[in-house]
Structure formats: structure tokens, C-alpha cells
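J.: model this:
(2 chains)
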Amino acid sequence: MPKIYLLDIAHGRSGDKGDTSNVCVFARKPEYYDLIIREVTPKRLKSYFGDMVKGDITRYEVESLSGINLVMHHALGGGATMSLRLDSLGKSMGSAVMRMKINVSKEELDELLSNGMELMEFEDPYAKE
Amino acid sequence: MKKIAIGGGQGFWGDSPDAAIHMIRNADIQYLACDYLAELTLSIMARQKIKDPSKGYAPDFVTRLLKEAGKEAKDKGIKIITNAGGMNVDGCVSAIKNWAEGESLKGYKIGYVTGDDIKDKIPELIKEGWDFPSMDTAGSTDDSGVTFDDIKDKIYNCNAYVGHVKIKEAIAEGADTVITGRAADSALFLAPLAHEFGWEENDWDNLAKGIMAGHLLECGGQGAGGNFMYDWRNVPDMEHLGFPIAELTKDSFEITKAPNCGGIISEQSVKEQFLYEVLDPANYLTPDVNVDISHARLIQNGENRVRVENIKGKERPDTIKLCVGYHKGWKTVSMLSFAWPNAYEKAKMCAEVIMNKMKEKGMKADDVHISFIGLDALHLDVADKSPETIARLNECVMRIAVFSEDKNECAKIIPEISPLQLNGPQGASFFGGRAHVQEVMALYPTVIPRDALDVRSHIVTI
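T.: Next comes the predicted model:
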């Protein structure tokens, strides 16, 4: 199955509240929203982040903005004050989410590309893993 | 129809005053609100105040903003609201007083709000039976296992997030500028809007609208094309990034920016700020109102202009969030850089050598975090660490961060880093001088009943 980066169809921003990372994700076009809902599930995210996000992940849907808000607990190594990470505020958690590869069918990929979706450089979504 | 425009002049303590000055000079605004306080800022200010009682507020508000454009703001009738008072509202007020007298601004009115700092009241509240539960305003229990009893002797600051009511009162009394301590960021923006439009304290939908105006403005440039993922390459004139402005009438709410400045106000730029740090969009809790933006709409309405619709409000929470900062321990960060070939392999071996040495020397660290800048220091587990990527790395910086409750234990690693230039894997380059031990402060999440607070507004006239 072809894979694309979530970044190819979405944008967003990350912020922090203590050790909680909050990443909002918006469809670059409203028609991509359903794909985001299908692919960017808390379960998928939890397995994607592994040990980096130690707590639960909650997803809130805001259809009127074609977006979701991801709330990830114990995700910042203790949070702004205590984290030993270089990125203690999780400013790059947004791009970390966007880096997740999502599955699309060949037909969906064809349609996304004909719709003007831009891919990251040097990436071939049709390539077999 | 009455239209009120308010600008967001500052995203945090240390932010540039350029956009605020530009707004005062070029934008048709009646109010400017400047947020200086992030979650941890008050603890830093509290520590400064212990060392020097005249400190503990954001002096930049006076030295970099008022000195530059405060008089123009006064002449144009632009009122400025800020939480620059931090841990020392009195100190901030007296600095403003000195400035206003120096500028001969006779009649200049400084409003200020007190009552957020409740550190001295803690023993009394404990006696009355309040146990400072480890929880946030949403009522979710914190599971870190830290109790108030554990931290109560190590507290630097204990401040309540106060709402807009007393700020509004100071504005109503004619203040040219209003200074607060730990007011909720968005309350600085809600207060003038509630004053101008006569919103009552239980007018939930309108209060929610005012909060969202504040939310979209309180991070300054981030609301106008800064930190913008969607199309970051094409944000116009970033070196003159404008900060956002909210324009409201009785029944419209739009975000725009000043003329003749950089940045962008588009559906996407507003969206990225809209849900930023909101947690549950149907229950965005503030001291003034529980905001529901789960069905909100953003509509582009001309160049650099976005209309915000369908914001709802629900009754405010009974409890108020407290910002409690306490001493946690010490940390130090050490780095060494390596170049191709095998940059990562060398950096990794170097970290192993150092950590083995520290083990032999008996360093008692409570936590150690090792990462490699250029490879995985930011994206950690989700970074691309394929053999191809690692083999092609031009350079890589080893980074070791150590936390200990004991300052001396933490310091043990510091002299062990630079020797690796001669005693470690080939090509280690030491930079930035010897590391320092920094104090680690932590935040304890808790709430207090609303009626435990005694918030008041005051006015000083020059």
C-alpha cells in the first residue's frame, strides 16, 4: 500500500501544558479531513511514538475547521521545567506528528496527486517498503 | 456601529517590542495588550525578587516599549494592558510612574490589580481545610505522585490565574495603562472588550468571544505567520512581522494586522493558533468562562483578514487554577561535536566513555538524557535513524543532560567533558565553554476555590 507523510495533506502546531503536548492538525484541503480521521488515530499515534509519549493520547475532532486536536500526556520528558530534552517545550512535536506515514490506496494517491498534493523531496509513495 | 480594535503586543518575556511599537504608530487600535508570562516565568521572577526586592517584573515593558512609544500611545488614546507586573506589581508600577513623570505626562493614570499572589495565605488556607489537590482545573488528577505536602517548604511562588473583572474595573476608572501579575493571558484582552461592549459577568457567549480574541493575540507573531507550518516559505517580510489585531463590533469578530508590516493573516495562520494549547476544544477553561470552539468557523474575508464565527461559552468553573512553582533540583547540559566520517558513531562512543567514567566516579544522577543533535535530539524515537541517514551525516553533536536533586552530584560531570577532545574518539570539538549547573523549578498543578481570592484594582494618577 502506498504511504505518504501526514505533512503532505496536513499542517498544524504544537504547544505544551506542563508535561502534556498539544498538537493541532488541520487538513490542507477540507476533502482530506476524512483521511486524517481514518489514519491519525490515538492508537496509531501511540504505537508510532512508542516510549517518547508515555501517557494516553486523546483526539478531539473539530470538523468545522477540518482539524483535530491531539492531547498527549507525559509526552515531554517531564515538561518545560524539568525535561532534559533539547526541545523541552515540544515545539517540534508538531513536525514529529507530521512525520508519521499514513496509508493511502493507490486510487486515493492518484487522486491526491492529481488534486495538486505536493510530496516531500526524494520520496516515492508508490515504492514498496 | 461601534468598532473596537485591540492589538497583541508581546508573546512572552523577551519577545521583540518592534511589532507593538509599529502598531502604536500605524494601526487604528484603541487597546494594546501585552502578555509577558509563560507557565514558568513567575518562578524565575520570584527567584530574582528574592535576590533583589526591586526586581521580579518584566522591566522591558517600561525600558523597551513605554520609553519608545508610550507617549505616542497616550497621545493617541491607546490604552495598554499587561501582566508585566509578574511577581512585583508595585515595582512595575513605580517604574512606570518614574517614566511618566520623566515624560511630564501629567494626569497619566496607572491602574493595577493585586491579589493573585497568595503565597503568604497558604498556611491559613491549609488551616481552613483546603488541601491543594494535585489536579488541574478540568478536575483530572495528576498522576505524578507528588503531593502538596512534599513541596510546601520548597515553594517559590503561588499565584492564582485571575480573570478580567478587576482589569475591566481599572479601565472603567480611566487607566491609561493597567498592570497585573498572574492574570490569565486572555483576560488582558477580554477586559477592554467587556468594558467597551458592556458584557456582564455571565454573558458567556460574548465572554467566550473576548477570550478567543485574546487567545489569538496573546502569542504575538505566532498569530500572524510566525511559527507557521502551512506555508512558512511564503510569509511576507518576516523581519517586520506584524502582530495580530482583533476587531470586534457587537456582532462581528475579525482578525487582521497593522498596515505596512510583514506576516500573514489567513485561514490557515489563524487556524494554527486557534487550537494551540487548547486541550479539549469544547471545554477550554479560563477563569472567566468555559469556552466551546468545537463548532467554530474561520472565513477569509479579504486580504489579511479572517472572520471568526460560532464561538460559544458556558458557565465559568468554580475553582481557579494556581501556578505553584517549587524547587525540584539541578541540571546540567554538556555537548561535544563530531564531523564526518562516522560522526554519529564517534559521538555515541564518546557518550558511552563519559557515562562509564561517571559510573566509576559514583555520580548519583536521578535522570540522564543522551541525544545527538543533527540526528535525533528533537524528534527522538521518531527521527529517521536508518543506516543510510547515519552514514551520510556531515556532523553530529553529542548532548548529555543530567538531573540530580543534589547540586554537587550534578556538577560532577562538568570537568569530564572537555578532556575528551584529547582522550576520546577522533575529532571531538568542545564549544561554548564549560557547562553550568542550573536550578530546576517545577510546577505543581492545583486549584483553589474562587472565593478564597481577594482581587482588587487600584489607580495611581501622575
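
J.: What residues does the stretch 101-250 of chain B have near chain A?
T.: B:Gln222, B:Asn227, B:Met229, B:Tyr230 (Cβ under 8 Å from any Cβ of the partner chain). From N, CA and C alone the C-beta is placed, and that goes for glycine too.

J.: Closest to B:Met335 out of those?
T.: B:Asn227 (24.9 Å; Cβ to Cβ).

J.: residues in contact with the closest one?
T.: A:Arg13, A:Lys91, B:Gly221, B:Glu272 (Cβ atoms under 8 Å, 6 or more residues apart in numbering or on different chains).

J.: Partner strands of the one helix or strand the first one maps to, with direction?
T.: In this structure, A:Arg13 is located in strand A:10-17 according to DSSP states H and E. Taking DSSP bridges as the criterion, strand A:10-17 forms sheet pairs with strand A:20-27 (antiparallel).

J.: Alpha carbons of the strand it pairs with, in PDB - could you do that?
T.: Taking C-alpha atoms only, strand A:20-27 is exported to PDB below (Å, rounded to 0.1, in the frame of the first residue of the first chain):
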ATOM      1  CA  THR A  20       1.300  17.400  28.100                       C
ATOM      2  CA  SER A  21       1.900  18.100  24.400                       C
ATOM      3  CA  ASN A  22      -0.900  19.500  22.400                       C
ATOM      4  CA  VAL A  23      -0.700  19.200  18.700                       C
ATOM      5  CA  CYS A  24      -3.400  20.500  16.400                       C
ATOM      6  CA  VAL A  25      -3.600  19.000  12.900                       C
ATOM      7  CA  PHE A  26      -5.600  20.600  10.000                       C
ATOM      8  CA  ALA A  27      -6.300  19.200   6.600                       C
END
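
J.: What's the mean pLDDT across the helix or strand following that strand?
T.: Using DSSP H and E, the next helix or strand after strand A:20-27 towards the C-terminus is helix A:33-39. For helix A:33-39, mean pLDDT is 98.

J.: now do stretch B:312-326
T.: 94.

J.: Nearest the geometric middle of chain A, what residue?
T.: Chain A has A:Val97 as the residue nearest its centroid, 3.3 Å off, counting by Cα atoms, centre = their mean.

J.: I figured that one hits A:Glu39, correct?
T.: No. The criterion here is Cβ atoms under 8 Å, and A:Val97 misses it with A:Glu39 at 11.7 Å.

J.: Give me the contact list for the strand holding A:Arg13.
T.: Contact with strand A:10-17 is made by A:21-28, A:32, A:36, A:40, A:67, A:76, A:79-80, A:89-98, B:39, B:222, B:227, B:229-230, B:268, B:272-273, B:275-277, B:279, as judged by Cβ under 8 Å, 6+ apart.

J.: cool, stretch A:55-64 as well?
T.: So stretch A:55-64 is contacted by A:19-20, A:33, A:37, A:40-42, A:45-46, A:49, A:68-75, B:275, B:280-282, B:293-297, B:310 (Cβ under 8 Å, 6+ apart).

J.: What subset of the residues you listed is buried?
T.: The neighbour-count criterion (16 or more other Cβ atoms under 10 Å in any protein chain shown) marks A:19-20, A:33, A:40, A:45, A:49, A:68-75, B:275, B:280-281, B:293-294, B:296 among the contacts of stretch A:55-64 as buried.
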